[in-house]
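Asks: Fold the following and give me the result.
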Amino acid sequence: MRQVRDVRDPNEQTVAEKLRGHFNGLTRAERQLAVSLLANYPVSGLGSVSELAKSANVSGPTVVRMAQKIGFAGFSELQAALRSEVEETISNPISKQERWTRNAPDAHILNRFADAVIDNLKQTLQQIDPQDFDQAVRLLTDRERAVHIVGGRITRALSDYFFTHLQVIRDDVIAIASNSNTWPHYLLNMKEGDVVVVFDIRRYEHDILRFVDLARERGVVVIVFTDQWTSPAAVNAEYVFNARIEAPSAWDSTVVIMFILEAMIEAMTTSTWEITKERMNTLESLFDKTKMFSKSS
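Replies: This is a model prediction of the structure:
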């Protein structure tokens, strides 16, 4: 039996990234297949060739040709990559730490971590569509729409950071509380056309997935920040920003997601500067009155 290559290299592109990267070079039938695969990713690719072909309404040979066109020897190798991705999405900190330390180089952790983060940033930027970024900025600065922000156990820090800045830039920004039993109250106040910003990386949280499902039913626009494997919540998203999170650590790195957020915050600030400047001046006046910050003599 032919040896299937190791697909656990953290620098290896995911199948989804390869599909998006090769999309313009695919035939009409292959694009139809790619869209079908991404719509129920990665589950739709875990069955047989015939099952995938039937679900996408294409032929079996089309499945094999597309797998080869995006860099695999055949469908079995593509499927092995998908199975490896599924394993990665459920990895806990202990297994990740053991995997990274097993063959760790002699370089200092600062250098190893920096190399990993820089590579994550480069690969992520290659995948982000600037038009999607710009459209997300337009949605988030549309004052006719309220913005609701929610994060998970680890990504809560990202959602809080984003909320704090958006609260200065514009009004009508709501931070969803971490206690999920209060979420129906937030859903109650969502209106059609509002924007929900979601942060969800592996191991994806069931509460967030259910929250996004319910929010989408209310007609809101969903923006998801996730990892390279893609949160299931992305199925209901209008815009998805995938960031690579692998690092030589038991913990995932959210540096690249923070980079995207800060770029987005700056884009929002610039595009609404006159209004934002006025809000900043008012806020600074309130800081002075409450003596929130110390001032040197």
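
Asks: hey, where'd the helices end up in the stretch 101-250 of the chain?
Replies: 109-127, 130-140, 156-169, 183-188, 206-217 (DSSP state H, counting those that start in this stretch).

Asks: Walk me through the domains of this protein.
Replies: 15-90, 126-290 (the TED database).

Asks: one step back: out of the helices of the stretch 101-250 of the chain, flag the one nearest residue 236.
Replies: helix 206-217 (4.2 Å; Cβ to Cβ). Where you see a C-beta, it was placed from the backbone N, CA and C, and this is true even at glycine.

Asks: Give me the buried positions along the closest one.
Replies: 207, 208, 209, 211, 212, 214, 215, 216 (16 or more other Cβ atoms under 10 Å).

Asks: Looking at the residues you listed, which one is closest to residue 42?
Replies: residue 209 (15.4 Å).

Asks: can you pull the contacts of residue 228?
Replies: 13, 14, 16, 17, 124, 242, 243, 244, 245, 246 (Cβ atoms under 8 Å, 6 or more residues apart in numbering).

Asks: and the gap between it and residue 161?
Replies: 21 Å (Cβ to Cβ, to the nearest Å).

Asks: Can you give me the pLDDT of the closest residue to residue 216 other than its chain neighbours?
Replies: In this structure, residue 216 finds its nearest non-sequential neighbour in residue 236, 4.2 Å apart by Cβ to Cβ, 6 or more residues apart in numbering. Looking at residue 236, its pLDDT reads 92.

Asks: and residue 236, how many neighbours does it have?
Replies: 18 (other Cβ atoms under 10 Å).

Asks: My read is that it contacts residue 214, right?
Replies: No. If you go by Cβ atoms under 8 Å, residue 236 and residue 214 don't touch, sitting 9.8 Å apart.

Asks: Run through the residues that contact the residue most central in space within the chain.
Replies: Residue closest to the average C-alpha location in the chain (Cα atoms, centre = their mean): residue 226, at 2.0 Å. Residues in contact with residue 226 (Cβ under 8 Å, 6+ apart) are 199, 200, 201, 233, 234, 240, 241, 242, 243.

Asks: is it in a bridge, and if so with what?
Replies: Beta-bridge partners for residue 226, by DSSP bridges, are residue 242.

Asks: Can you tell me how far it is from residue 279?
Replies: 30 Å.

Asks: ok, now residue 109?
Replies: 41 Å.

Asks: Look at those two and report which has more neighbours.
Replies: Each of residue 109 and residue 279 has its neighbours counted (other Cβ under 10 Å); residue 279 has more, 15 against 10.

Asks: ok, that one to residue 166 distance?
Replies: 11 Å.

Asks: Equivalent analysis for residue 128, please.
Replies: Taking Cβ to Cβ, one finds residue 128 at 20 Å from residue 166.

Asks: now residue 74
Replies: Applying Cβ to Cβ to residue 74 and residue 166 gives a distance of 47 Å.

Asks: who has more neighbours, the two?
Replies: Using other Cβ under 10 Å, the more surrounded residue of residue 74 and residue 166 is residue 166, with 23 against 15.

Asks: Can you get me a residue count around the closest residue to that one other than its chain neighbours?
Replies: Counting by Cβ to Cβ, 6+ apart, the nearest residue to residue 166 once its immediate chain neighbours are dropped is residue 173, at 4.6 Å. Residue 173 has 20 neighbouring residues, counting by other Cβ under 10 Å.

Asks: distance of residue 173 from residue 164?
Replies: 9 Å.

Asks: got it, and residue 153?
Replies: Taken as Cβ to Cβ, the span from residue 153 to residue 164 is 19 Å.

Asks: With residue 57 instead?
Replies: The value you get for residue 57 to residue 164, if Cβ to Cβ is used, is 47 Å.

Asks: all strands of the stretch 151-297 of the chain, in order?
Replies: Using DSSP state E, counting those that start in this stretch, the strands of the stretch 151-297 of the chain run over residues 173-175, 195-199, 221-226, 239-242.

Asks: tell me, how many neighbours does residue 251 end up with?
Replies: Considering only other Cβ under 10 Å, residue 251 is surrounded by 11 other residues.

Asks: Kind regards, and thank you for your time.
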